[in-house]
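Below: sequence and its predicted model.
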Number of protein chains: 2
Amino acid sequence: MKPEKIKGVLSPVVTPFAKDLSPDGKRFVAHCKWLLEQGCAGLAVFGTTSEANSLSVDERIDLLDMLLAAGIPPGRLMPGTGCCSLTDTVRLTRHATQAGCAGVLMLPPFYYKGVTDEGIFRSFAETIERVGDENLQVYLYHIPPQSQVPLSLPLIERLKKTYPSAIAGIKDSSGDVANLRAVLSAFAGADFDVFPGSEMLLLEGMQHGGSGCITATGNVNPGPIVAVYQNWRSPQAVAMQAGLDTLRKTMQAYPLIAAIKATIAHYAHDEGWNHLRPPLVELDAGQRTELQAKLQALSFAMPGIV
Amino acid sequence: MKPEKIKGVLSPVVTPFAKDLSPDGKRFVAHCKWLLEQGCAGLAVFGTTSEANSLSVDERIDLLDMLLAAGIPPGRLMPGTGCCSLTDTVRLTRHATQAGCAGVLMLPPFYYKGVTDEGIFRSFAETIERVGDENLQVYLYHIPPQSQVPLSLPLIERLKKTYPSAIAGIKDSSGDVANLRAVLSAFAGADFDVFPGSEMLLLEGMQHGGSGCITATGNVNPGPIVAVYQNWRSPQAVAMQAGLDTLRKTMQAYPLIAAIKATIAHYAHDEGWNHLRPPLVELDAGQRTELQAKLQALSFAMPGIV
């Protein structure tokens, strides 16, 4: 039976590393549990914020197996599985689907630039055909600032028409309101969920048929983001959204993934969170102190973080 | 003992695929042998032209092992080993170095854009330290049109100063003459080989201290390119270079990798060469006919291709 679709706020979980840069399964499981306790509907593990492309396929499979072994329900998981290599994408997608994950978030192959819609279509189609699992639910991952390989509206339409059951939705991390509106207008509905890639577009998305959001800052600020999702029709929603925006802007004044890890390290009193795999680098001491002061000024908190 | 450095014309060998898109070791070995017979100094297998990032790490290791088993001398090989994931890059680099390859051509991690020189430095440094093999010879791979992660002059300088033995040279596929001149002027010498990423800059490079070139079109036109390398000081060199340019421009009026495969398919009478992994697509029938006619008009030939 097809897993129930996740709706609401998903966190693209940051991946902790030991000092030797090996993935740290213990901290990863603990953070995933905390995020679910804070109200996240799902965990988009192995996304951009997760440094997933800095991991090998085996490292990703091992980490997913650790989450499942620790009792994280697969129905709450939407792992990223899109790689440059077709065979890697198929392997990760098959593993996640067979494990019962609610869906997979799939980048197009991102090495070659200026590729055709036909080529991108074949990448997704080949993967869906090879996995050949009726429980597969693919969320397309549109993130041109990093991938530099945009997913056009005609491509999305062709994929949805060809694989109406397997194509379940999209994460739009373009940061472009016009594109988000166009995607919502063209595709949002019972069979296709649209998630903006930042909570700054959460209210906007919900007002036009969105299904929540999948957002990096969900790693540190999940409660207030979930509150906007739950109360988007209330008169307070605009003010609540403004609060999210302030926090987001404070965080993204720094390299965002490093800032998220530094924030978890600070609030969990655990310096072990401050490791990133190259090419990303941790915040320096001055940046950390400055960010902490700004967060304190906002009365920011991470309730229950350990 | 450190392998002797390859100088001259290297072909970034196209990777043949079976109809089911599995790598075709037999055609791969045959093409590598033909390229060496035609005078290529080396084979830069698993580069951009090779669709290497469309292969898994295991597929790349298996193909390299097939070449070695078929008697291709490792001293003629410069496999591409740079991946997004540090652990993948280390695994491929270690395997190639232990196999005795003359060098490795290393992309920086290319998923994240706008990363710092410090982060890119750490990627190369971490790989060199982890491989920890005094026979390692790294050729930096600067190809901003695809990677979107340029290697700056200060970064190259820092890497060369920190690892004078391991950093052996660079392939500059920027296509930017000004950058090539700057790299040649700053670094070309006994301990650092500079290869333009296109034969269109071969003569220019040789006149300013270059060591040859590593070029996609080397897959189909190796003999004439090698002739320019060997005769660059002769009065005929400018006219010979003009001939290379004409052929190159003819090929790159089409998607280049597909055009190279179509050309091999045509001259080897082997349609099996026309498979590409998505997101790349093969030339359509009309493009193939047109390209063949243009090549015939240039009296183009691939002597001895089977």
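Right, received. Where do you want to start?

what about the helix or strand hosting residue A:145 and chain B, any contact?
Using DSSP states H and E, residue A:145 sits in helix A:144-147. Yes. Counting by C-beta under 8 Å from any C-beta of the partner chain, chain B has neighbours in helix A:144-147: A:145-147. Placement of C-beta: from N, CA and C, glycine included.

following that helix, which helix or strand comes up?
helix A:153-162.

So which elements touch that next one?
helix A:117-131, strand A:167-172, helix A:177-187 (3 or more C-beta pairs under 8 Å, 6 or more residues apart in numbering or on different chains; DSSP states H and E).

Mean neighbour count, those: which tops it?
Highest mean neighbour count among the helices and strands packed on helix A:153-162 (mean count of other C-beta atoms under 10 Å in any protein chain shown): strand A:167-172, with a mean of 27.

I'd like to know which elements that one is packed against.
strand A:138-142, helix A:153-162, helix A:177-187, strand A:193-196.

again, only this time at 10 Å
Applying 3 or more C-beta pairs under 10 Å, 6 or more residues apart in numbering or on different chains; DSSP states H and E, we find strand A:167-172 packed against strand A:104-106, strand A:138-142, helix A:153-162, helix A:177-187, strand A:193-196, strand A:212-214.

in its sheet, what does it sit against?
strand A:138-142 (parallel), strand A:193-196 (parallel) (DSSP bridges).

Taking helix A:177-187 as reference, get the angle to the longest one.
With axes from the mean of the first three to the mean of the last three C-alpha atoms, to 10 degrees defining the directions, strand A:138-142 sits at 150 degrees from helix A:177-187.

Looking at the residues of helix A:144-147 next to chain B, which one is closest to residue A:257?
residue A:146 (11.2 Å; C-beta to C-beta).

For that closest one, give me its contacts.
Residues counted as contacts of residue A:146 (C-beta atoms under 10 Å, 6 or more residues apart in numbering or on different chains) are A:48, A:53, A:107, A:110, A:173, B:110-114, B:148.

For residue A:212, which non-adjacent residue is closest in space?
Nearest non-adjacent residue to residue A:212, counting by C-beta to C-beta, 6 or more residues apart in numbering or on different chains: residue A:8, 4.3 Å away.

any idea how far the one you found lies from residue B:278?
33 Å (C-beta to C-beta, to the nearest Å).

Of the two, which one has the most company?
A direct count of neighbours by other C-beta atoms under 10 Å in any protein chain shown for residue A:8 and residue B:278 places residue B:278 higher, at 24 against 17.

Output stretch A:251-271 as PDB, nothing but the C-alphas.
C-alpha atoms of stretch A:251-271 as PDB (Å, rounded to 0.1, in the frame of the first residue of the first chain):
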ATOM      1  CA  MET A 251      20.500  33.000  10.200                       C
ATOM      2  CA  GLN A 252      21.100  33.400   6.500                       C
ATOM      3  CA  ALA A 253      23.300  36.400   7.000                       C
ATOM      4  CA  TYR A 254      25.900  33.700   7.600                       C
ATOM      5  CA  PRO A 255      26.600  30.600   5.500                       C
ATOM      6  CA  LEU A 256      23.400  28.900   6.400                       C
ATOM      7  CA  ILE A 257      24.400  25.200   7.000                       C
ATOM      8  CA  ALA A 258      27.300  26.300   9.200                       C
ATOM      9  CA  ALA A 259      25.100  28.700  11.100                       C
ATOM     10  CA  ILE A 260      22.500  26.000  11.700                       C
ATOM     11  CA  LYS A 261      25.200  23.600  13.000                       C
ATOM     12  CA  ALA A 262      26.700  26.400  15.200                       C
ATOM     13  CA  THR A 263      23.300  27.200  16.600                       C
ATOM     14  CA  ILE A 264      22.600  23.500  17.500                       C
ATOM     15  CA  ALA A 265      26.100  23.300  19.000                       C
ATOM     16  CA  HIS A 266      25.400  26.400  21.200                       C
ATOM     17  CA  TYR A 267      21.900  25.500  22.400                       C
ATOM     18  CA  ALA A 268      22.700  21.800  22.900                       C
ATOM     19  CA  HIS A 269      26.000  22.700  24.600                       C
ATOM     20  CA  ASP A 270      27.700  20.300  22.200                       C
ATOM     21  CA  GLU A 271      30.700  21.600  20.200                       C
END
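
List the buried residues in it.
A:251, A:254-268 (16 or more other C-beta atoms under 10 Å in any protein chain shown).

That one and chain B in contact?
Yes. Counting by C-beta under 10 Å from any C-beta of the partner chain, chain B has neighbours in stretch A:251-271: A:255, A:257.

residues touching the nearest residue to residue A:216 once chain neighbours are set aside, list them.
The shortest distance from residue A:216 to any non-neighbouring residue, by C-beta to C-beta, 6+ apart, is to residue A:49 (4.1 Å). Taking C-beta under 10 Å, 6+ apart, we find residue A:49 in contact with A:11-15, A:80, A:197, A:214-219, A:256-257, A:260-261.

from these, which ones fall inside helices?
Applying DSSP state H to the contacts of residue A:49, the entries found in helices are A:256-257, A:260-261.

which secondary structure element contains the residue nearest to residue A:216?
Per DSSP H and E: nothing holds residue A:49, as it lies in no helix or strand.

Phi and psi next, for it.
phi -60, psi -20 (degrees, to the nearest 10).

Tell me the spacing between it and chain B.
For residue A:49, the distance to chain B equals 11 Å [C-beta to the nearest C-beta, to the nearest Å].

Can you give me the distance of that residue to residue A:107?
Residue A:49 is 13 Å from residue A:107, by C-beta to C-beta.

Common neighbours of the two, please.
With C-beta under 10 Å, 6+ apart, residue A:49 and residue A:107 have common neighbours residue A:80.

ok, residue A:161 - how many residues close by?
Neighbour tally, residue A:161, other C-beta under 10 Å: 9.

actually residue A:164, not the one I wrote
11.

on that earlier part again, same list, the ones in helices among the contacts of residue A:49, but as a markdown table with distance to residue A:240 please.
Output for the ones in helices among the contacts of residue A:49, formatted as a markdown table (distance: C-beta to C-beta, whole Å):
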| residue | distance to residue A:240 |
| --- | --- |
| A:256 | 21 |
| A:257 | 25 |
| A:260 | 21 |
| A:261 | 26 |
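
If we only consider these, which is nearest to chain B?
residue A:257 (8.7 Å; C-beta to the nearest C-beta).

residue contacts, the closest one?
Per C-beta under 10 Å, 6+ apart, neighbours of residue A:257: A:12, A:14-15, A:48-51, A:216, A:219, A:276, A:280-282, B:112.

Count the neighbours of the nearest residue to residue A:168 once chain neighbours are set aside for me.
Spatial nearest neighbour of residue A:168, excluding adjacent residues (C-beta to C-beta, 6+ apart): residue A:137 at 3.9 Å. The number of residues packed near residue A:137 is 22, by other C-beta under 10 Å.

doesn't residue A:103 make contact with residue A:137?
Yes. Using C-beta atoms under 10 Å, residue A:137 is in contact with residue A:103, at 3.9 Å.

intersection of neighbour lists for the two?
By C-beta under 10 Å, 6+ apart, the residues touching both residue A:137 and residue A:103 are A:2-3, A:5-6, A:78, A:97, A:166, A:168-169, A:193.

buried residues in the lowest-mean-pLDDT helix or strand in chain A?
Ranking every helix and strand in chain A by mean pLDDT, DSSP states H and E puts helix A:144-147 at the bottom, with a mean of 96. Using 16+ other C-beta under 10 Å as the test for burial, helix A:144-147 gives A:144, A:146-147.

And stretch A:158-174, how far out from the chain middle?
Its chain's average C-alpha position is 16 Å from that of stretch A:158-174, according to C-alpha atoms, centre = their mean, to the nearest Å.

Check the separation of the first and last residues in that stretch.
End-to-end distance for stretch A:158-174, by C-alpha to C-alpha, to the nearest Å: 20 Å.

do the same with stretch A:102-110
Span of stretch A:102-110 from end to end, C-alpha to C-alpha: 24 Å.
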